[in-house]
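*Asks:* Below: sequence and its predicted model.
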Amino acid sequence: MTGSYGVEDRFARITITFSVLLLLLGGIFGLAQVINRAPYFELPSFLEVSPKTYYTFLTGHGVFLAVAIPIFWITGFTAYLAPRVLGKNLRGGLLRLSLLMMFAGAIMAAAAILSGRSAVLYTFYAPLKAHPLFYLGAALLVLGSWVFAAAFFLQYLEWRRENRGRGTPIAVYGLLTTFIVWIEATVPLVIDVLKNLLPMSLFGAKVDALEARTWFWFFGHPLVYFWLLPIVTLWYYMIPKMLGVRIFSEKMARVAFIMFIIASTPVGLHHQLVDPGVSAVYKYLQVLLTLVVASPSLLTAFNILATMEMGGKARGGGALSWILKQPWGNPVYAGLAVTFIVFGIGGLTGIINAGYQLNLLVHNTTWIVGHFHMTVATIVAVGYIAATYSLLAELFGKGVKWPRLALAQPYLWLVGILIFSFSYYIAGMEGAPRRMLNIEGAGGPPIPSEWIYTLQLGAVGGIVMSASGALAVLVFFYSLLRGGIAVARIAPNPHPEEGDPYHPLLENWRLWIAVAIVLILVAYIPTFYELYSRGLAPVSPVGV
Amino acid sequence: MEHEEGSTLEFVWITIVAAVIAGLAASMAYYGFAKGFNPVCNATPISIEDIEAGRFEPGVEEIAPGIYRVNIVARQFSFEPSEIVLVDPKRVEFRVVSMDVIHGFQIPGTSVNSMVLPGYIGVFVWEPPEGIEGEFLILCNEYCGLGHDYMRAVVKISSSSSLLEG
């Protein structure tokens, strides 16, 4: 399966390098935020930010790190890996068009944010209004990613026609799931932008706050699975590969991916549990589906741990010493394993957020911030970066210049995220609000003393996380300049010993997409029926 | 044999996962629908013009001893009333509206936590724990613009027994 992938590789080099640049920018914003919001933290005046700067940074932090990086990195990673696994090229014209659209969109959105005229945060709840370029840019970025998805789907369908009766290799299976979920996620976003947000921003059209919020979270939750799924794919693909074993259960892995397809989307209302205007029964229904979508993560936890155990024992480990026999000294393995551990903890706290009653205690508190830094932030800053270390040799032809620093990076992050997130969890349980710069000096009764030391400790964790992020950026660019050694190989082995298992039911994408659509309709038709039958309550937009 | 053992483990794990999920779902349903402990769900549309015209009056009203109705108007960047006084509250019905963008209404340390959506009157009930006393912070917990941090109010809760003692 050797071929020439020059066009794909150029695409991947551009998007992955751009992702690391965005990590630098978004990381600087994050550092500024975490130290500025810690109560009674004495900062030198040149590090202090105004509310306008703070909320602009917060918008950039969310949009760059949680929307732009995943889109650029995942498309690049897929462009590198899928052709090598399937032995087929992607259509070059579509790749070029997609790159053009994504960059145009990203630049428009970045200009709207960095000009300070779109401090609406990453959730851009209407009727708070950003500059029109913010919405146009976001839409163009997403449409560009659709063009890429089209190229990927076409490539896969072609492979399937030529390989009837063969099972889809797990790497492509996972990436296909990623892009199917991405389409599910972004259709509601595009509807929201076209129907509500652009007319609001361009012409001052009135908009219903609850309707726009509902479309947003219809997009916002499956978005988190888009971030996650390439890393789940890498766990299933790279961990057994690096340990020299097969996945404990190939079938269970595929079942987990299918469950992500059917249950990632009809769950957005668990972000709206305290929204007036949505009935208890409809909220509860989506909480139920949220618990269902927790199950593929639990299946994955079991399957990956069992695979690690098999691998550790094959390397001479015993009943427990298999844990020590993991290749902890390899930066790629270490990064994937750290992501796996941290995501496990973060995922469990997600069940609390989605708890129909418990949500009242943590909604819009720093608990949520602790949760999504253990999940998405770790996926980006450790998971994507781990794979990028490997690509430095294979894709960029350079290798890693400082493998020891690359190895330290995920462990440093582990220390930082544990301090940061647990501090923010505790502060959140005590009711400390997220998204607030001046917590201690804004009037009213004094703030609870628990908020003070926890948020200060959180700042310490944030500084450690920033140091880890800085290491990642440094290792990446210095390696590009100087070259180094290969640390792991992501490209498939040239002669796979056994073929992938073929289960007709698990290869029936059409069936599972249909099930997903049915579940989405079941979950959302009642909500929208309630909203529209009551009559919308549109209000005028308000600038920041 | 190895394969058989693997399948049994898988089956056991899937059973555990299903049982945990069923247990969580059942407990949430029990507290929500049998015990009536639900987050804010009710809303009636109201236009900002109607609020301006006085069809929604901010203020605190004691309907019966310990039974309160509190109407809150949220706007960038304040709550009206900015001070809520409750004596021996047993049941407080909050009705919240916004004059501009989405706000939040939270009393940290309690289960009072609701979005405030412009265009809607959100209605929810709080049954404070018995013997609760003191000054509690009310804050907007949804970003609403550059002055968001300063959008705060206070609820002062006293019990009549301690008033007599005092």
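*Replies:* Okay, I see it.
*Asks:* Run through the residues that contact A:Gly416.
*Replies:* Each residue near A:Gly416 by C-beta atoms under 8 Å, 6 or more residues apart in numbering or on different chains is listed here: A:461-468. C-beta: built from backbone N, CA, C; applies to glycine.
*Asks:* Tell me the one of those residues nearest chain B?
*Replies:* The nearest member of the contacts of A:Gly416 to chain B, counting by C-beta to the nearest C-beta, is A:Gly462 at 19.0 Å.
*Asks:* From what I see, that closest one and A:Phe29 are in contact.
*Replies:* No. With contact defined as C-beta atoms under 8 Å, A:Gly462 does not count as touching A:Phe29 (11.4 Å).
*Asks:* Who has more neighbours out of these two?
*Replies:* Using other C-beta atoms under 10 Å in any protein chain shown as the criterion, A:Gly462 and A:Phe29 rank with A:Gly462 on top: 26 against 22.
*Asks:* The more buried one looks like it's in a strand, true?
*Replies:* No. Counting by DSSP: H, G, I helix; E, B strand; the rest coil, A:Gly462 falls outside a strand, being helix.
*Asks:* quick one: low-confidence parts of the stretch 251-400 of chain A?
*Replies:* Applying pLDDT under 70 to the stretch 251-400 of chain A flags no residue at all.
*Asks:* In it, mark out all the helices, start to finish.
*Replies:* A:280-314, A:331-353, A:359-362, A:366-372, A:378, A:385-394 (DSSP state H, counting those that start in this stretch).
*Asks:* now do chain B
*Replies:* Ranges of helices within chain B are B:2-29, B:48-52, B:160-165, based on DSSP state H.
*Asks:* The closest residue to chain B within the stretch 351-500 of chain A: what's it in contact with?
*Replies:* Closest to chain B within the stretch 351-500 of chain A is A:Gly431: 2.6 Å, counting by C-beta to the nearest C-beta. By C-beta under 8 Å, 6+ apart, the residues touching A:Gly431 are A:361, A:365, A:448, A:451, B:106, B:108-109.
*Asks:* Among those residues, name the buried ones.
*Replies:* Neighbour counting by 16 or more other C-beta atoms under 10 Å in any protein chain shown classes A:361, A:365, A:451, B:106, B:108-109 among those as buried.
*Asks:* hmm, which two among the residues you listed are most spread apart?
*Replies:* A:Leu361 and A:Trp451 (14.6 Å; C-beta to C-beta).
*Asks:* if we can go back for a sec, got a markdown table for the contacts of A:Gly431, with distance to A:Pro331 too?
*Replies:* Below are those laid out as a markdown table (distance: C-beta to C-beta, whole Å):
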| residue | distance to A:Pro331 |
| --- | --- |
| A:Leu361 | 39 |
| A:Thr365 | 35 |
| A:Pro448 | 41 |
| A:Trp451 | 37 |
| B:Gln106 | 42 |
| B:Pro108 | 42 |
| B:Gly109 | 44 |
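*Asks:* what's the farthest-apart pair in the residues you listed?
*Replies:* Farthest-apart pair in these is A:Leu361 and A:Trp451; separation 14.6 Å (C-beta to C-beta).
*Asks:* Can you pull out the low-pLDDT segments for the chain?
*Replies:* Answering for chain A, as no chain was given. For chain A (pLDDT under 70), the answer is A:1-3, A:495-498.
*Asks:* look at chain B instead
*Replies:* B:1-6, B:161-166.
*Asks:* Strands of chain B, start to end?
*Replies:* B:42-45, B:59-64, B:67-75, B:78-80, B:83-87, B:91-98, B:103-106, B:113-116, B:120-126, B:134-139, B:152-158 (DSSP state E).
*Asks:* Out of these, the one nearest A:Ser540 is which?
*Replies:* Closest approach to A:Ser540 among the strands of chain B is made by strand B:91-98 (12.2 Å; C-beta to C-beta).
*Asks:* now, which of the contacts of A:Gly431 sits nearest A:Phe203?
*Replies:* For those, the minimum distance to A:Phe203 (C-beta to C-beta) is 33.9 Å, reached by B:Gln106.
*Asks:* Enumerate every residue touching the closest residue to the closest one other than its chain neighbours.
*Replies:* Spatial nearest neighbour of B:Gln106, chain neighbours left out: B:Asn141 (4.3 Å); criterion: C-beta to C-beta, 6 or more residues apart in numbering or on different chains. Applying C-beta under 8 Å, 6+ apart, one finds that B:Asn141 lies in contact with A:363-365, A:433-435, B:104-106, B:113.
*Asks:* List the contacts of A:Asp500.
*Replies:* Contacts of A:Asp500 (C-beta under 8 Å, 6+ apart): A:166-170, A:250.
*Asks:* And those, which of them are buried?
*Replies:* A:167-170, A:250.
*Asks:* from the residues you listed, which ones fall inside helices?
*Replies:* Among those, DSSP H puts A:170, A:250 in helices.
*Asks:* who in the stretch 51-200 of chain A is up against chain B?
*Replies:* Counting by C-beta under 8 Å from any C-beta of the partner chain, the stretch 51-200 of chain A comes close to chain B at A:51-52, A:55, A:119, A:121, A:125, A:127-128.
*Asks:* go again using 7 Å as the cut-off
*Replies:* Within the stretch 51-200 of chain A, the residues that sit near chain B (C-beta under 7 Å from any C-beta of the partner chain) are A:51-52, A:55, A:121, A:125, A:127-128.
*Asks:* Contacts for stretch B:9-18 next, please.
*Replies:* Stretch B:9-18 has contacts (C-beta atoms under 7 Å, 6 or more residues apart in numbering or on different chains) with A:249, A:252, A:295, A:298-299, A:302.
*Asks:* Count the residues that sit near A:Pro39.
*Replies:* So A:Pro39, with other C-beta under 10 Å, has 19 neighbours.
*Asks:* nearest spatial neighbour of it, skipping sequence neighbours?
*Replies:* A:Glu440 (3.8 Å).
*Asks:* B:Glu127 too?
*Replies:* Per C-beta to C-beta, 6+ apart, closest to B:Glu127 is B:Arg91, 5.5 Å.
*Asks:* sorry, back to before: just name the closest of the contacts of A:Gly431 to A:Gly60, please.
*Replies:* Among the contacts of A:Gly431, and counting by C-beta to C-beta, the member closest to A:Gly60 is A:Thr365, at 22.5 Å.
*Asks:* Identify the residues contacting the residue nearest to A:Gly535 when sequence neighbours are not counted.
*Replies:* Among residues not flanking A:Gly535 along the chain, B:Pro45 sits closest, at 6.0 Å (C-beta to C-beta, 6+ apart). B:Pro45 makes contact with A:534-535, A:537, B:119-120 under the criterion C-beta under 7 Å, 6+ apart.
*Asks:* one more time with 10 Å
*Replies:* Residues in contact with B:Pro45 (C-beta atoms under 10 Å, 6 or more residues apart in numbering or on different chains) are A:208, A:210, A:277, A:534-538, B:117, B:119-121.
*Asks:* Now do the strands in the stretch 51-200 of chain A.
*Replies:* Taking DSSP state E, counting those that start in this stretch as the criterion, the stretch 51-200 of chain A contains strands spanning A:128-129.
*Asks:* That one: helices as residue ranges?
*Replies:* For the stretch 51-200 of chain A, the helices defined by DSSP H, counting those that start in this stretch occupy A:51-62, A:69-86, A:92-114, A:132-162, A:170-192, A:198-203.
*Asks:* The one residue in the stretch 201-350 of chain A that gets nearest to chain B: neighbour count?
*Replies:* Closest contact between the stretch 201-350 of chain A and chain B, by C-beta to the nearest C-beta, is at A:Pro276 (2.9 Å). If you count neighbours by other C-beta under 10 Å, A:Pro276 ends up with 24.
*Asks:* So it sits against B:Tyr120, correct?
*Replies:* Yes. At 5.5 Å, A:Pro276 and B:Tyr120 qualify as touching, with contact defined as C-beta atoms under 10 Å.
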